[in-house]
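Engineer: With the sequence up front, the predicted model follows.
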Amino acid sequence: MMDEKSLNEFLEKYMANRHTEQEHELFIEWLNTAPLDQVQQIIDKYQFVVQRNLNEEPVLYPHLASRIEAGIDELGKKDQQVKPVKMLWPSFKKIASVAAVFLVIASTAIYFLSSPDSKKQEIAAAKTTSKNQILPGGNKAVLTLADGSHIILGDAQNGILAKQANIDIRKAIGGKIIYNASNTLSSNTPVLYNTITTPRGGQYQVTLSDGSKVWLNAASSLKFPAAFSNNERVVELTGEAYFEVAKLTGPAVAGREGGRIPFKVITNNQTVEVLGTHFNINAYADETTINTTLLEGSVKVVQSKTNNSQLLKPGQQAKVGAKIQVSDVDATQAIAWKNGYFIFSHENIGSIMRQVSRWYDVNIQYEDNVTQEGFIGTISKFKDVAQVLDMLQLTGAVHFKTENDPAEPGKKRIIVMP
């Protein structure tokens, strides 16, 4: 294993492209086994070394980009995969929680280290003003009220938007809708349903009348009551959302404390039942399974057609297709989109480009036999799409071309090539 002295020496050698393959393998082994705090320290040190070298002699390291471009095709001989893996940077499987900033800084270093200093501003400006620039999505959604009226949330002013069933619907700062309610509805009160819908390239957060918080990903919708009843809380989801469900107790009966009011999320092929917990559901129609990932508490996943069910523990994911498959996962990867990142863990290019298409509102076309290798890495989703594509291209496994889409005027398309 590598001690602190060996790690420091490796970093210096790596920046100057003087390290050996054996030293590189030892470094990767260390990344896969070291405690998270030690990994964070070495990431911080790497960032410092990158910045120092950029400021001093940026053209002394012309081979750094090619070294990273070569990457690591596998996690290691002891962790062989059925399909090859392309890593955008070593060992993101373990350190995804801290590696996001690392990769963004690394990608910047690669770009400038491979460009003459005199060309930096010229190239950066050219990228910014490119006619094929595709900017990331943002806080955009439409709220449809029970009477059928629509409120475009991106254009609406902060403050009270509407009142329904004695509930104030308020737009807050930072792309949030809040339903303020003092109590639940009685059993004979009519239920007024609202729907919040995000377009491709949009996301939004809503706080429901019970205090539960829901983050909607791009191309998603949530149908929910303006106020919940005393008996149950039921919402309907298409697309993807992260839920933080509030624990809610019904009214006392005959001197006995009221029971917990269940919360159910209905999707196309499953129902998730909870009492109070944090979880993510990915139920896009173009994905092969519905993935429910639990971060906190417990949930029951019920397949609609068979009524089979599985209980999940934190850190587990249920994939619902023809049957329910439960596995242990890194749950933070499932909510990377909520935290502003793409995190890829052994994902093929088709899965990656579906995420890119939804968030950047761009069409995707494939040419020839595109690789089916898995990719591992972490990239900020709040950059021009070109930066995301550039990091994927650094693996050498895939290439891209961006152009106007002749089939849909006004839209861009990304052509994916071997």
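Structural biologist: Cool, got the structure. Just so it is clear, the structure is predicted and the values come from calculations on it, not from any experiment. Numbers count the residues shown, from 1 in each chain.
Engineer: Would you map the strands across the stretch 301-418 of the chain?
Structural biologist: Taking DSSP state E, counting those that start in this stretch as the criterion, the stretch 301-418 of the chain contains strands spanning 309-312, 316-320, 324-328, 341-347, 363-366, 374-380, 399-404, 412-417.
Engineer: which one of those lies closest to Glu23?
Structural biologist: strand 374-380 (21.1 Å; C-beta to C-beta). Backbone N, C-alpha and C define where each C-beta goes, glycine included.
Engineer: ok so, going back, CSV for the strands of the stretch 301-418 of the chain, including distance to Arg170?
Structural biologist: Shown next, in CSV, are the strands of the stretch 301-418 of the chain (distance: least, C-beta to C-beta, whole Å):
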stretch, distance to Arg170
strand 309-312, 33
strand 316-320, 34
strand 324-328, 38
strand 341-347, 29
strand 363-366, 36
strand 374-380, 30
strand 399-404, 39
strand 412-417, 35
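Engineer: can you list the ones you listed in JSON lines and add mean neighbour count, distance to Leu135 and mean pLDDT?
Structural biologist: Compiled in JSON lines, those are given as follows (neighbours: other C-beta atoms under 10 Å; distance: least, C-beta to C-beta, whole Å; pLDDT from 0 to 100):
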{"stretch": "strand 309-312", "mean neighbour count": "16", "distance to Leu135": "36", "mean pLDDT": "95"}
{"stretch": "strand 316-320", "mean neighbour count": "23", "distance to Leu135": "31", "mean pLDDT": "97"}
{"stretch": "strand 324-328", "mean neighbour count": "14", "distance to Leu135": "35", "mean pLDDT": "96"}
{"stretch": "strand 341-347", "mean neighbour count": "21", "distance to Leu135": "15", "mean pLDDT": "84"}
{"stretch": "strand 363-366", "mean neighbour count": "15", "distance to Leu135": "16", "mean pLDDT": "96"}
{"stretch": "strand 374-380", "mean neighbour count": "23", "distance to Leu135": "13", "mean pLDDT": "81"}
{"stretch": "strand 399-404", "mean neighbour count": "15", "distance to Leu135": "12", "mean pLDDT": "94"}
{"stretch": "strand 412-417", "mean neighbour count": "19", "distance to Leu135": "10", "mean pLDDT": "95"}
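Engineer: who wins for proximity to Pro190 among those?
Structural biologist: Pro190 lies closest to strand 309-312 among the strands of the stretch 301-418 of the chain, at 31.1 Å (C-beta to C-beta).
Engineer: Now for Gly175: which residues touch it?
Structural biologist: Gly175 makes contact with 138-139, 141, 153, 203-205, according to C-beta atoms under 8 Å, 6 or more residues apart in numbering.
Engineer: no wait, Leu135
Structural biologist: Taking C-beta under 8 Å, 6+ apart, one finds 360, 384-385 in contact with Leu135.
Engineer: Just the buried residues from the contacts of Gly175, in ChimeraX please.
Structural biologist: To isolate the buried members of those in ChimeraX, using 16 or more other C-beta atoms under 10 Å:
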select :141,153,203,204,205
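Engineer: which stretches of this structure aren't confidently modelled?
Structural biologist: Within the chain, the ranges that satisfy pLDDT under 70 run 1, 14-17, 28, 31-132, 182-189, 251-258.
Engineer: Helices of that one, residue ranges please.
Structural biologist: For the chain, the helices defined by DSSP state H occupy 4-15, 21-33, 36-56, 64-70, 92-113, 120-128, 331-334, 349-360, 385-393.
Engineer: So in this structure, which strand runs the longest?
Structural biologist: When the chain is parsed with DSSP state E, its longest strand is strand 233-244.
Engineer: Give me the distance from it to the chain's centre.
Structural biologist: 16 Å (C-alpha atoms, centre = their mean, to the nearest Å).
Engineer: Stretch 205-222 now?
Structural biologist: Worked out by C-alpha atoms, centre = their mean, stretch 205-222 lies 16 Å from the chain centre.
Engineer: now the end-to-end length of it.
Structural biologist: By C-alpha to C-alpha, to the nearest Å, the extent of stretch 205-222 from end to end equals 11 Å.
Engineer: Mind listing what's buried along that stretch?
Structural biologist: 205-210, 212-222.
Engineer: same check, this time on stretch 152-165
Structural biologist: Applying 16+ other C-beta under 10 Å to stretch 152-165 flags 153, 161-162, 164-165 as buried.
Engineer: As PDB, could you dump the C-alpha coordinates of that stretch?
Structural biologist: The C-alpha trace of stretch 152-165 is given here as PDB (Å, rounded to 0.1, in the frame of the first residue of the first chain):
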ATOM      1  CA  ILE A 152     -46.000  28.700 -15.700                       C
ATOM      2  CA  LEU A 153     -43.800  28.600 -12.700                       C
ATOM      3  CA  GLY A 154     -40.600  29.900 -14.300                       C
ATOM      4  CA  ASP A 155     -42.400  33.100 -15.200                       C
ATOM      5  CA  ALA A 156     -44.500  33.500 -12.100                       C
ATOM      6  CA  GLN A 157     -43.600  36.000  -9.400                       C
ATOM      7  CA  ASN A 158     -42.600  34.800  -5.900                       C
ATOM      8  CA  GLY A 159     -45.600  34.900  -3.500                       C
ATOM      9  CA  ILE A 160     -49.100  33.500  -3.400                       C
ATOM     10  CA  LEU A 161     -50.100  32.000  -6.700                       C
ATOM     11  CA  ALA A 162     -53.500  30.600  -5.900                       C
ATOM     12  CA  LYS A 163     -55.800  29.400  -3.100                       C
ATOM     13  CA  GLN A 164     -57.500  26.000  -3.100                       C
ATOM     14  CA  ALA A 165     -59.400  24.100  -0.400                       C
END
